[in-house]
Each structure stands twice: as C-alpha cells, then as structure tokens.
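# What follows is a protein structure lacking sequence information:
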C-alpha cells in the first residue's frame, strides 16, 4: 500500500475528498495530514476520518527538519499540497524530488504566484473578463506555481458569475480530477521509491 501525505492550511475539503477516495482503493492511502495552522479545520476533518493529523510551525518546516522526519517516519511516497500556502523547503524538495504535487484553482501560468490563492484567483479571472478558468495540477519546486504541469481541466466563465459561483465550478473540477491524477501518479512511482 503506497502512502500519501497531505499538506493543507485551511478547511480541507480537497483533503477530505482525497482521503475518502483512497479509503475505497487498494492502491494507496492517505497516511498523514499536516497543517501549518493549528486551528485549520482540515485537522478536524482528518481526525474524524481516523487519519493521523499533526500541526507544525515555521521552525518545524524550515529549520529543525521535524516535518521531513514525520514524512520519513510514516514512509510517505507522495506529498499532496491541497490549499497549502508556504513554499516547500529545499530539504523536502530534495528528498521527495518529483513526488510533490499541488493543485491551483486557475489555468497556470495565468494567475499564479505568491498571494494568488482561493478567491483572490477567482476575483482576478473575473476582473480580466476571461472566458474560461479551471484547475492546474503541477509538480512543486522552489517557486510558487512554477513546477511542470501534470494536468489541467477547464470550465466556462459565465457573464453572470460571481467569485462564489465560479469557485463552486472550479471546486467541482478539483473534486473530480485531483484524486484520479494522484492515483495515476502514485501507481506509476517506482516500487520502494522511499526507503
């Protein structure tokens, strides 16, 4: 059974969807949920689904190596960022090269970069009168939203859209495609890629 870790900073709807998806699969399971926000609802969602969940702070992530130690202890093979807002440090990028992915609520390279997340993205799409939006799943590197693109799915932007209605359409794409892309990637990882 391959093991997935999810890093999230917020409510955790994508994390919950991924956990539930893999609870019915033999290919992989979510073994660990980590959040950099102590009050993030994702930690409660994970606990309710009997998934080990842990809070970590800036020092744990960037200085002490505690987060990397958690990932190694739980024999994680794929790291999934689902609404996680910090850049991943070099020690984790190096240890998990090609095995960290993120989802972004727009069609990159448009509307990416520092500070572009959630409703800020949808607001920018509407302000520019774009005719389509969507999701991008990409590999993670040392810059925000600049890793190689793995998958994109599009949706139409309606003239009547608000941030909320566009967000709901984008979320539907996330819930449908993110678990499937994760499953495809983890099924294609080399066996025993983590010691």
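It's in. Quick caveat, the model's predicted, so the values are computed rather than measured. Residues are numbered from 1 along each chain as shown.
# From here on, just use CA atoms for contacts and neighbour counts.
OK.
# what's the helix or strand for residue 125?
In the assignment (DSSP states H and E), residue 125 maps to helix 119-127.
# now the angle from the following helix or strand past that helix to helix 119-127?
Later in the chain than helix 119-127, the nearest helix or strand by DSSP H and E is strand 132-139. Comparing the axes of strand 132-139 and helix 119-127 via axes from the mean of the first three to the mean of the last three CA atoms, to 10 degrees yields an angle of 140 degrees.
# partners of strand 132-139 in the sheet?
Strand pairing for strand 132-139, using DSSP bridges, gives strand 100-104 (antiparallel), strand 149-156 (antiparallel).
# for the helix holding residue 125, packing partners?
Under the contact criterion of 3 or more CA pairs under 8 Å, 6 or more residues apart in numbering; DSSP states H and E, helix 119-127 touches helix 163-187.
# Relative to residue 182, how far out is the residue nearest to residue 3 when sequence neighbours are not counted?
Leaving aside its sequence neighbours, residue 3 sits nearest to residue 76 (CA to CA, 6 or more residues apart in numbering; 4.9 Å). Using CA to CA, to the nearest Å, one obtains 14 Å as the distance from residue 76 to residue 182.
# out of these two, which sits in the busier spot?
Taking neighbours as other CA atoms under 10 Å, residue 76 and residue 182 compare with residue 76 leading, 24 against 20.
# deepest of the strands paired with strand 132-139, which one?
strand 100-104 (a mean of 23; mean count of other CA atoms under 10 Å).
# what inclination does that strand have with respect to helix 163-187?
160 degrees.
# which other residues reach strand 100-104?
78-83, 93, 112, 117, 135-140, 145, 174, 178 (CA atoms under 8 Å, 6 or more residues apart in numbering).
# Over that strand, what's the mean pLDDT, rounded is fine.
Taken as a whole, strand 100-104 carries a mean pLDDT of 98.
# Over to stretch 156-167?
97.
# Now do the buried residues in that stretch.
157, 163, 166-167 (16 or more other CA atoms under 10 Å).
# same check, this time on stretch 177-193
For stretch 177-193, by 16+ other CA under 10 Å, it's 177-179, 182-183, 186.
# And the furthest pair within those residues?
177 and 186 (14.3 Å; CA to CA).
# and residue 194, what pLDDT?
For residue 194, pLDDT reads 46.
# for residue 40, same thing?
Taking residue 40 on its own, its pLDDT is 96.
# Doesn't residue 113 belong to a strand?
No. Under DSSP: H, G, I helix; E, B strand; the rest coil, residue 113 falls outside any strand and is assigned coil.
# what pLDDT does the residue nearest to it when sequence neighbours are not counted get?
Spatial nearest neighbour of residue 113, chain neighbours left out: residue 144 (4.9 Å); criterion: CA to CA, 6+ apart. Each residue has a pLDDT score; the one for residue 144 is 95.
# Also residue 190?
86.
# Dihedrals phi and psi, it?
Main-chain dihedrals, residue 190, degrees, to the nearest 10: phi -60, psi 140.
# Start at 56, not 1
Sounds good: first residue 56 from here, last item residue 245.
# That one and residue 109, how far apart?
From residue 245 to residue 109 the distance is 27 Å (CA to CA).
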